[in-house]
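J.: Everything below, folded, please.
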Amino acid sequence: MSLIVVGAVPETLTPMGMNKAGPSQPVDPSGVPVRLTQWTARPEFPGTIISPRAELLPNGSGIVTVHCGVQLAGVWSSVGSLVVDVMKNEEIVVSGQFQSMTNLLELSAPAVSVAPGDRLWVRIGLQALFGGITVTAGANTYLYYDLSRARGRATN
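T.: You can find the predicted model right below:
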């Protein structure tokens, strides 16, 4: 007796990640969040797919944990707010605010459901009386996801 499978072969989701590349990126003080651009694949994620719009493009369906880090060129010490949002398509999956006298913000979002066609990306918004804030390139400004072992409902 033969077994016949009709339909597409399911795509296998693999972990992906990227580091901020290129020059450091100034942050607009207008309060309008802007996309962090110019990324390169993290060495430990050789199968990473990055869109021309600075987005990770999952290659399969599944539940993942998303991790993000943003490092500033100097210490944040302002009246105002400096907020980082990790986005899935146009929805925020996790958001965080820099605390005074820090220059690194790290965020994680467990149990995020992804599928082919989804886009994961990072934006940053500054509401302050002055500009001069710069996001540095390198391994401390990153976005990656790993396969989640979380139980329960997925977010977004």
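J.: top strand in the protein by residue count?
T.: strand 62-76 (DSSP state E).
J.: for that one, packing partners?
T.: strand 80-88, strand 91-97, strand 102-114, strand 120-128, strand 134-135, strand 138-147 (3 or more C-beta pairs under 8 Å, 6 or more residues apart in numbering; DSSP states H and E). Every residue, glycine included, has its C-beta placed from N, CA and C.
J.: hmm, 7 Å instead?
T.: Packing partners of strand 62-76 (3 or more C-beta pairs under 7 Å, 6 or more residues apart in numbering; DSSP states H and E): strand 80-88, strand 102-114, strand 120-128, strand 134-135, strand 138-147.
J.: tell me the mean pLDDT for it?
T.: Averaging pLDDT along strand 62-76 gives 95.
J.: A54 is nearest to which of the helices and strands packed on strand 62-76?
T.: strand 120-128 (6.0 Å; C-beta to C-beta).
J.: Pretty sure V135 sits against G22.
T.: No: assessed by C-beta atoms under 7 Å, V135 is found out of contact with G22, at 10.9 Å.
J.: To which secondary structure element is P23 assigned?
T.: Applying DSSP states H and E as the criterion places P23 outside every helix and strand.
J.: Which pLDDT does the model give it?
T.: 90.
J.: Roughly how far does it sit from T37?
T.: 10 Å (C-beta to C-beta, to the nearest Å).
J.: How about N140?
T.: For N140, the distance to T37 - C-beta to C-beta - is 17 Å.
J.: One more: V112?
T.: Applying C-beta to C-beta to V112 and T37 gives a distance of 22 Å.
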